[in-house]
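Asker: Quick one, what's the 3D model for this:
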Amino acid sequence: MTPCRPRGSARMSVKQRCLRLVFVVEGVAESAYGNDPPKLYHAGETLQDLADIPHTLFGNADPDKPLRFLTFYAAAKGQPYLVTP
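Answerer: Presented below is the predicted three-dimensional model:
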């Protein structure tokens, strides 16, 4: 399980090079892809990153609770997991 950045922080845009699933264990995640508006994912929900679509936002949407999540992905041996555009 990985704690996330504080609310209001955002990481730079990245592209996953393979399919990735994120299961929200605790808290509320905020996530956006390409030019789409951010969506909220609550504990017990799963989001899926598609390969080669810019993942422009992933952060903690709740200022009072931590965000904990599990990430699952499958990549070929030697294949990079993600790239920055």
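Asker: how about the helices of the chain, start to end?
Answerer: Ranges of helices within the chain: none, based on DSSP state H.
Asker: Distance-wise, check the residue nearest to the spatial centre of it relative to residue 77.
Answerer: Centroid-nearest residue in the chain, with Cα atoms, centre = their mean: residue 58, separated by 4.7 Å. As judged by Cβ to Cβ, to the nearest Å, residue 58 and residue 77 stand 26 Å apart. The C-beta positions use only the backbone N, C-alpha and C, and glycine is treated the same way.
Asker: Give me the pLDDT for the residue nearest to residue 31 when sequence neighbours are not counted.
Answerer: In this structure, residue 31 finds its nearest non-sequential neighbour in residue 58, 5.1 Å apart by Cβ to Cβ, 6 or more residues apart in numbering. Per-residue pLDDT puts residue 58 at 83.
Asker: what's the spacing between residue 58 and residue 29?
Answerer: 7 Å.
Asker: So, low pLDDT: which residues of this structure?
Answerer: Low-confidence segments of the chain, defined by pLDDT under 70: 1-18, 79-85.
Asker: And the strands in this structure, which stretches?
Answerer: For the chain, the strands defined by DSSP state E occupy 2-3, 14-16, 20-26, 28-33, 39-42, 46-49, 54-60, 68-73, 82-83.
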